[in-house]
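1. below are the sequence and a predicted model for it; my questions follow.
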There are 2 protein chains.
Amino acid sequence: MAQKNKLQFVILGLLNQQPLTGYDLTKAFDHEIGEFWQAQHSQVYPQLKRLEEQGYITHEITISGEKLEKKLYHITTTGQAILTTWITAGTPELTATKDEFILKLYFIRTSRDPRLPEMLSEQLQLHSEKLQHLQARLTTVFPTKKSQTENFGHYLILQHALGRENYYVTWLQETLAALPHKA
Amino acid sequence: MAQKNKLQFVILGLLNQQPLTGYDLTKAFDHEIGEFWQAQHSQVYPQLKRLEEQGYITHEITISGEKLEKKLYHITTTGQAILTTWITAGTPELTATKDEFILKLYFIRTSRDPRLPEMLSEQLQLHSEKLQHLQARLTTVFPTKKSQTENFGHYLILQHALGRENYYVTWLQETLAALPHKA
DNA sequence: TCCAGCATGTAACGAGTTACATGATTCG
DNA sequence: CGAATCATGTAACTCGTTACATGCTGGA
């Protein structure tokens, strides 16, 4: 079994909104949904092939210009059923994160370790940038109250990620401030 | 290249504190450091072999009882150098988390989706349990002010994880409370 | 005409999980 | 003496990243 194939559900979910090509899906992983899911095209194309073999999606070929063939994928009713089943089922496993910075922290023994201030500052910088990015995303994607009620789940995700980064930044600031001063 | 081998550094870091067997390391991944890093013994043993081939660790064989051979691994000075280099270097990549629940949320279109309350409640339950677990861990592992200054990094990690779960729980509660009431 | 971007695939590899496999020790 | 745990390994497989490979299109 190894691991639970979640990529298939992302793809089914996106195709459930509108027909897309593999290229479109890959772009989505870079942009629209890149905040919470990523995949390269080298994962996307084989997965599309497998989903089609299973009968969850089909494709039609469209021509751009003279002869560039695009495969536009559609979800089937079977695919929709699979998608609904997945969403409706429970999600009892919490994702374990493997944060390299946190791992490094574990090997810092004392609050006077001279590397601590730099390490925390670097993360503060990174997470501040991410926080700003998320703030910008939230106001671009959901500028009005009304827009938040359409695609409500997406709104919740962005707002949740924003809060998470905000906590991370605050924690880094407080931890930095609480370090013993140099003598 | 594929992916950055962080497991090697966890092992080096643990061996830098005291000599351990593969079995001990595997137990540590289940217990002491399981909050922020996990690995099965099927990953640990081959990694130990590779680390020894590279000269970062050595092992001595000890006998338990009549003939049970245990391989007790020690870090070498080369290994210590590698470890220090890794810790001291920057950590500029933020870990992207792939949370299945968050992914499902994305496909919920309206705040009136009947599945939302159950979904949020389930996560609230799970994250509350994790929060309590972390609270218990923190008070067991670091009962006194003094104990927090030894293994300061570990203290920071636990305290950070606690804050993170606390935010998650609060967010779930607030989101649940803000859902439109049933007519 | 050239170059960025569109479009689709495969190959090689490392990371991580589950399962298979074996044997020793300790304690009730 | 039997079961839980100690102890070490390998095999098979999936997930995910980087790199290789090819060709078309549209606009400056």
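-> Everything's here; your move. Residues are numbered from 1 along each chain as shown, chains lettered A, B, ... in the order given.
2. how about the nearest residue to the spatially most central residue of chain A, chain neighbours excluded?
-> The residue lying closest to the centre of chain A (Cα atoms, centre = their mean) is residue A:36, at 1.3 Å. Among residues not flanking residue A:36 along the chain, residue B:102 sits closest, at 5.3 Å (Cβ to Cβ, 6 or more residues apart in numbering or on different chains). No exception for glycine: its C-beta is placed from N, CA and C like everyone else's.
3. same question for residue A:156.
-> Residue A:156's closest residue in space is residue B:105 (Cβ to Cβ, 6+ apart), at 5.7 Å.
4. hang on, isn't that neighbour packed against residue B:123?
-> No. Judged on Cβ atoms under 8 Å, residue B:105 makes no contact with residue B:123 at a distance of 9.4 Å.
5. does residue A:11 touch residue A:24 like I think?
-> No. Assessed by Cβ under 8 Å, residue A:11 is found out of contact with residue A:24, at 10.8 Å.
6. where does chain A have low pLDDT?
-> Scanning chain A for pLDDT under 70 picks out A:1, A:182-183.
7. mind running it again at 90?
-> Along chain A, the parts satisfying pLDDT under 90 run over A:1-3, A:64-68, A:96-97, A:150, A:181-183.
8. how about the strands in it?
-> With DSSP state E, the ranges of strands along chain A come out as A:57-64, A:68-75.
9. how is chain A divided into domains?
-> A:7-88, A:100-178 (automatic domain parsing).
10. ok, how many other residues are close to the residue lying closest to residue A:149 once chain neighbours are set aside?
-> Of all residues not flanking residue A:149 in the chain, residue B:111 sits nearest, at 6.1 Å (Cβ to Cβ, 6+ apart). Residue B:111: 16 surrounding residues under other Cβ atoms under 10 Å in any protein chain shown.
11. hmm, residue B:111 is touching residue B:176, no?
-> No. The pair residue B:111 / residue B:176 is not scored as a contact, 11.2 Å apart, by Cβ under 8 Å.
12. now the strands of chain A in TSV, with mean neighbour count and distance to residue B:58?
-> Below are those laid out as TSV (neighbours: other Cβ atoms under 10 Å in any protein chain shown; distance: least, Cβ to Cβ, whole Å):
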stretch	mean neighbour count	distance to residue B:58
strand A:57-64	13	54
strand A:68-75	15	54
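13. in stretch A:89-98, what's buried?
-> Buried residues in stretch A:89-98, defined by neighbour count with 16 or more other Cβ atoms under 10 Å in any protein chain shown: A:91, A:94.
14. what parts of chain A come near DNA strand D?
-> A:1-7, A:38-43, A:63-68 (Cβ under 7 Å from any atom of the strand).
15. any of these buried? List them.
-> Looks like the residues of chain A next to DNA strand D have A:6, A:7, A:39 buried, using 16+ other Cβ under 10 Å.
16. so what's the first one closest to, chain neighbours aside?
-> Distance criterion Cβ to Cβ, 6+ apart; nearest residue to residue A:6, sequence neighbours excluded, is residue B:100 at 6.0 Å.
17. next one: the one you found from residue B:171, what distance?
-> Residue B:100 sits 17 Å away from residue B:171, taking Cβ to Cβ, to the nearest Å as the criterion.
18. quick revisit: residue A:11 and residue A:24 - which one has more neighbours?
-> Between residue A:11 and residue A:24, residue A:11 has the larger neighbour count (other Cβ under 10 Å), namely 28 against 16.
19. what sits against the more buried one?
-> A:25, A:44, A:47, A:48, A:51, A:57 (Cβ atoms under 8 Å, 6 or more residues apart in numbering or on different chains).
20. could you pull out the helices for chain A?
-> All helices of chain A, identified by DSSP state H, fall at A:7-17, A:22-30, A:41-53, A:77-88, A:100-106, A:116-141, A:145-149, A:152-178.
21. residue B:162 is nearest to which of these?
-> helix A:152-178 (10.2 Å; Cβ to Cβ).
22. run the angle between the closest one and helix A:116-141 for me.
-> Counting by axes from the mean of the first three to the mean of the last three Cα atoms, to 10 degrees, helix A:152-178 lies at 160 degrees to helix A:116-141.
23. name the helices or strands packed onto helix A:152-178?
-> helix A:116-141, helix A:145-149, helix B:100-106, helix B:152-178 (3 or more Cβ pairs under 8 Å, 6 or more residues apart in numbering or on different chains; DSSP states H and E).
24. between the buried ones among the residues of chain A next to DNA strand D, which is nearest chain B?
-> Nearest to chain B among those is residue A:6, at 6.0 Å by Cβ to the nearest Cβ.
25. list the buried ones in stretch A:138-153?
-> For stretch A:138-153, by 16+ other Cβ under 10 Å, it's A:138, A:142, A:148, A:151, A:152, A:153.
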